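[1] just coords:
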């Protein structure tokens, strides 16, 4: 009797095992499907974060202490976002680009930030991507057919740089008592005949190479090197004005490539080649006419190049050197510090007289650089766009 009862119990368990196996397999499939959906969420979230980071950095790169920088920064942020493919190409999410004086806010709209009173204080930009619906394949019963994802990023100007790259191989002379430069004033960046600091020296530095061609490329493209204030370089204080190469290097930034080996694709002109204007005029019309809400262009202060231009090509980093550092022939000079200078006009033909540029004190993102905690303090006006969060 007991054996018969055991056989009946085992027979009745066969159906239970089948049901439990089916339920277990369903649970495994759902778990795998949920894992696939979650992985998809993480992938899309990463792409959205990359887009937000790039957009915020693009916006911060235009900060120039003027309303035009806020307006142009918003345009750059939107353009950078639209370079990512989320089936939203061409969208205008300018309302998601906000500006602030402090990292913790409060954050302002473009219209509120782009005022003469507010723009000089702006240091940060926050970008939030538009909601991106992500389809759910396996967990739709639990999570719905789709889920909206977004990302945000905040970028701004870095602490003052004290490592500078892409400077040009000319110099601004300062007195040995380290007199401060005056914003808006022009300074000689290449001496003319009779104005050299010592016989044979015309403020030209050989950090780009020993020849005149090297000087031309160094001025047109920036020196392929980085330096810190206080660094010492042995430079060839070139005899002669090297007028032709200095002229072709500088004038490439004004869309003039005559007699030059420079290439507008690699050494593009500025987006505004109007000569005779000041830095104030230039920054006021930065990005003018590029979008519907941009500052309208004024032909008295803005002129487009024939080649594709790049903003701020007329703003150059130049090392400041004390007069006593120069000597006849080959000499060794120390870079006392660096400054940003605006090229008001192109270099004239002939041997040329003094070449001058306007000193800029406005804080702006310029070129490439970094910070070395062991080096001397940098210029508080020079910064780079960086991500903060």
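    It's in. These figures come from a predicted structure and were not determined experimentally.
[2] if you go through the chain in chain order, where are the helices?
    Per DSSP state H, the chain has helices spanning 2-60, 67-82, 110-113, 140-143, 212-221, 243-251, 279-284. These are given in chain order.
[3] Any idea which of these has the lowest pLDDT on average?
    Out of the helices of the chain, helix 140-143 stands lowest, with a mean of 57 (criterion: mean pLDDT).
[4] Can you give me the first-to-last residue distance of stretch 327-339?
    23 Å (C-alpha to C-alpha, to the nearest Å).
[5] Correction: the previous question concerned stretch 256-268.
    End-to-end distance for stretch 256-268: 10 Å, by C-alpha to C-alpha.
[6] what comes into contact with it?
    213, 216-217, 220-221, 244, 248-249, 251-252, 255, 307-310, 313, 346 (C-beta atoms under 8 Å, 6 or more residues apart in numbering). Quick note: C-beta positions are derived from backbone N, CA and C, even for glycine.
[7] what's the answer for stretch 110-127, then?
    Taking C-beta under 8 Å, 6+ apart as the rule, stretch 110-127 contacts 52, 55-56, 59-60, 63, 65-71, 73-74, 77, 81, 94, 96-103, 107-108, 152-157, 293, 362, 388.
[8] Just the buried ones out of those, please.
    Neighbour counting by 16 or more other C-beta atoms under 10 Å classes 52, 55-56, 59-60, 63, 65-71, 73-74, 77, 81, 94, 96-101, 107-108, 152-157, 362, 388 among the contacts of stretch 110-127 as buried.
[9] Can you give the domain ranges for the chain?
    As assigned by automatic domain parsing, the chain contains the domains 2-157, 163-383.
[10] Among those domains, show me which one is buried the most.
    domain 163-383 (a mean of 18; mean count of other C-beta atoms under 10 Å).
[11] how far does that domain sit from the chain's center?
    The chain centre lies 18 Å from the centre of domain 163-383; the measure is C-alpha atoms, centre = their mean, to the nearest Å.
[12] That one spans what distance, first to last residue?
    First-to-last residue span, domain 163-383, C-alpha to C-alpha: 10 Å.
[13] and the end-to-end length of stretch 153-171?
    38 Å.
[14] quick one: the nearest residue to residue 65 once chain neighbours are set aside from residue 106, how far?
    Nearest non-adjacent residue to residue 65, counting by C-beta to C-beta, 6 or more residues apart in numbering: residue 362, 4.1 Å away. Relative to residue 106, residue 362 is positioned 23 Å away (C-beta to C-beta, to the nearest Å).
[15] tell me how far the ends of stretch 82-102 are from each other?
    From start residue to end residue, stretch 82-102 stretches across 27 Å - C-alpha to C-alpha.
[16] Other residues contacting that stretch?
    Residues contacting stretch 82-102 (C-beta under 8 Å, 6+ apart): 47-48, 50-51, 54-55, 59, 70, 73-74, 77-78, 81, 106-110, 112-113, 121-130, 132, 293.
[17] Off-centre distance for that stretch?
    On C-alpha atoms, centre = their mean, the centre of stretch 82-102 falls 17 Å from that of its chain.
[18] Residue 69 reaches residue 63, doesn't it?
    Yes - the pair formed by residue 69 and residue 63 meets the contact definition of C-beta atoms under 8 Å, at 5.1 Å.
[19] Find residues that contact each of the two.
    Common contacts of residue 69 and residue 63 (C-beta under 8 Å, 6+ apart): 122, 364.
[20] could you pull out the strands for the stretch 201-350 of the chain?
    Ranges of strands within the stretch 201-350 of the chain are 226-227, 232-236, 315-322, 330-334, 337-342, based on DSSP state E, counting those that start in this stretch.
[21] Which secondary structure elements does the longest one sit against?
    The reference is to strand 315-322. strand 172-174, strand 330-334, strand 337-342, strand 355-360 (3 or more C-beta pairs under 8 Å, 6 or more residues apart in numbering; DSSP states H and E).
[22] Just want the angle from it to strand 355-360.
    Relative orientation of strand 315-322 versus strand 355-360 (axes from the mean of the first three to the mean of the last three C-alpha atoms, to 10 degrees): 100 degrees.
[23] contact partners of strand 315-322?
    Under the contact criterion C-beta under 8 Å, 6+ apart, strand 315-322 has outside partners 164, 166-168, 170-176, 178, 181, 189, 203, 205, 222, 227, 253, 279, 333-343, 357, 360, 364, 366-367, 382.
[24] Which neighbours in the sheet does that strand have, and how are they oriented?
    As defined by DSSP bridges, the strand partners of strand 315-322 come to strand 172-174 (parallel), strand 337-342 (antiparallel).
[25] tell me the mean pLDDT over it?
    Strand 315-322 comes out at a mean pLDDT of 90.
[26] go on, stretch 371-389?
    Mean predicted confidence for stretch 371-389 is 82.
[27] what about it, distance to the chain center?
    14 Å.
[28] end to end, how far does that stretch reach?
    OK, stretch 371-389 end separation, C-alpha to C-alpha: 19 Å.
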